[in-house]
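> Quick one, what's the 3D model for this:
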Amino acid sequence: MEEKLEKSFEENVEILNSYLEKLKDENLNLNDSVEIYKQALKILVEAKNQLQDAKLEIIEIDKELGVE
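Got it, this is the predicted structure:
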């Protein structure tokens, strides 16, 4: 069985929320903070791309159906 590599948009939002909670921890050291930030940015880029893809798909559907 092939492993699912890309997460859903909703999964990415959940991950970002968990990273945000971790970054709020006052006891988190700088190195861990930077690593969490780096991972969060990767997820954020993926989520942003998912939104852009959805937007383009909606625009295409509207064109096909003659909706402006």
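> Tell me if I'm right that residue 37 and residue 23 touch.
Yes. If you go by C-beta atoms under 8 Å, residue 37 and residue 23 touch, sitting 7.1 Å apart. No exception for glycine: its C-beta is placed from N, CA and C like everyone else's.
> For residue 68, give me the pLDDT.
On the pLDDT scale, residue 68 is placed at 72.
> burial measure for it, as a count.
5 (other C-beta atoms under 10 Å).
> Residue 55 too?
Neighbour count for residue 55, taken as other C-beta under 10 Å: 10.
> and it, what does it touch?
Residues near residue 55 by C-beta atoms under 8 Å, 6 or more residues apart in numbering: none.
> All further residue positions should be reported with the first residue as 683.
Noted, 683 is the first residue going forward, which turns the last one into residue 737.
> OK, contacts around the residue sitting nearest the centre point of the chain?
Centroid-nearest residue in the chain, with C-alpha atoms, centre = their mean: residue 729, separated by 2.7 Å. When the contact criterion is C-beta under 8 Å, 6+ apart, the partners of residue 729 are 691, 694, 695, 698.
> Check which helix or strand the nearest residue to the second one once chain neighbours are set aside maps to.
In space, not counting the residues next to it along the chain, residue 694 is nearest to residue 729; the distance is 4.2 Å by C-beta to C-beta, 6 or more residues apart in numbering. In this assignment (DSSP states H and E), residue 729 forms part of helix 712-747.
> quick one: buried residues of that helix?
Residues of helix 712-747 classed as buried: 718, 722, 725, 728, 729, 732 (neighbour count, 16 or more other C-beta atoms under 10 Å).
> Chain neighbours aside, what residue packs nearest to the fourth one?
Closest residue to residue 728 apart from its sequence neighbours, by C-beta to C-beta, 6+ apart: residue 694 at 5.8 Å.
> now the last one
Spatial nearest neighbour of residue 732, chain neighbours left out: residue 691 (4.5 Å); criterion: C-beta to C-beta, 6+ apart.
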